[in-house]
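Participant: can't give you the sequence, but here's the structure:
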Ligand code: SER
């Protein structure tokens, strides 16, 4: 196979919530040896270590990234390593360093070595000035979190690298991601995952946002599909090089608890909002993703009911196996 058709992929943040599952999916598709998982702080799972190469990479060091890129002759990077919104508010300096300098290093290495890049942005790019219902693709972006600030700056940087250097960098604005494999860490939407673990383990959850808090969410299979579909699309289809809105479902914390109660009737959810409430209140409740649907065929499969059914089934099985 020529270098152009062969895929040699690097996934940063491969031990994280999205990275751990995306890496396994890419390894299924392109063969384990061709997909290098890179992590930093979190310990990699056995599954990740056994199914292909693993490297420790500090994303704030360009040399670290470059070394791996050269060693494995990488032609595509999925750059997922990031500090999320809640951790970011606790340590804004760290969030800036990891999210901005990390992305800058990846883009520079990509420019120098002719590498394609996928980088996730977030609904956190929006602030209270943007319409909160059906937030449009192109609207005012004045986020209030440092995480959102790094995502807006990152989107502009990606767009700059595309227009200035012709770098093939693509991005989606993910909503909260719900998954059963690896828990998220330090995000505002983490409650929508924790609630499942606690419902199964303790039949009780204390939620850190109000019952009526509505946010856009997406189930992991759709999240992975968005990344793969966008990266597989023909270049001519990708008209937006900042980042695409991608929607799947929206529900309140109370509606999620009610859906879980259909499977675990004794489940009790209490609400004790903390500092993350303010972050949630500054984000959209639903987003308009018609541009992504039109330009590269985005089409999510899971809604609240089908996601909840699948989550409960998967987590109950893991719980029964003592693998929680
Ligand atoms: N899930 C992320 C967070 O809550 C949003 O991109 O920080």
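Facilitator: Received it, and whenever you're ready, just let me know what you need. This structure is a prediction, so every number in the text was calculated from the model and none was measured. Numbering: from 1, shown residues only.

Participant: OK, now which residue of the stretch 101-250 of the chain is nearest to the ligand?
Facilitator: Closest to the ligand within the stretch 101-250 of the chain is residue 187: 2.8 Å, counting by C-beta to the nearest ligand atom. C-beta: built from backbone N, CA, C; applies to glycine.

Participant: number of residues surrounding the closest residue to that residue other than its chain neighbours?
Facilitator: Counting by C-beta to C-beta, 6 or more residues apart in numbering, residue 187 lies nearest to residue 84, which is 3.9 Å off, once chain neighbours are set aside. Here the number of neighbours of residue 84 (other C-beta atoms under 10 Å) works out to 22.

Participant: show the contacting residues for residue 84.
Facilitator: By C-beta atoms under 8 Å, 6 or more residues apart in numbering, the residues touching residue 84 are 147, 184-188.

Participant: what's the longest helix in the protein?
Facilitator: helix 146-165 (DSSP state H).

Participant: quick one: list the elements packing against that helix.
Facilitator: helix 85-90, helix 92-96, helix 102-113, strand 121-122, strand 169-170 (3 or more C-beta pairs under 8 Å, 6 or more residues apart in numbering; DSSP states H and E).

Participant: and if we set it to 10 Å?
Facilitator: helix 85-90, helix 92-96, helix 102-113, strand 116-118, strand 121-122, strand 169-170, strand 172-174 (3 or more C-beta pairs under 10 Å, 6 or more residues apart in numbering; DSSP states H and E).

Participant: state the mean pLDDT of stretch 201-212.
Facilitator: Taken as a whole, stretch 201-212 has a mean pLDDT of 98.

Participant: would you mark the buried spots in that stretch?
Facilitator: Residues of stretch 201-212 classed as buried by neighbour count (16 or more other C-beta atoms under 10 Å): 205, 207-211.

Participant: dump those residues into JSON lines; add secondary structure and distance to the ligand as well.
Facilitator: Shown next, in JSON lines, are the buried residues of stretch 201-212 (DSSP: H, G, I helix; E, B strand; the rest coil; distance: C-beta to the nearest ligand atom, whole Å):
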{"residue": "205", "secondary structure": "strand", "distance to the ligand": "17"}
{"residue": "207", "secondary structure": "strand", "distance to the ligand": "14"}
{"residue": "208", "secondary structure": "coil", "distance to the ligand": "11"}
{"residue": "209", "secondary structure": "coil", "distance to the ligand": "11"}
{"residue": "210", "secondary structure": "coil", "distance to the ligand": "16"}
{"residue": "211", "secondary structure": "coil", "distance to the ligand": "18"}
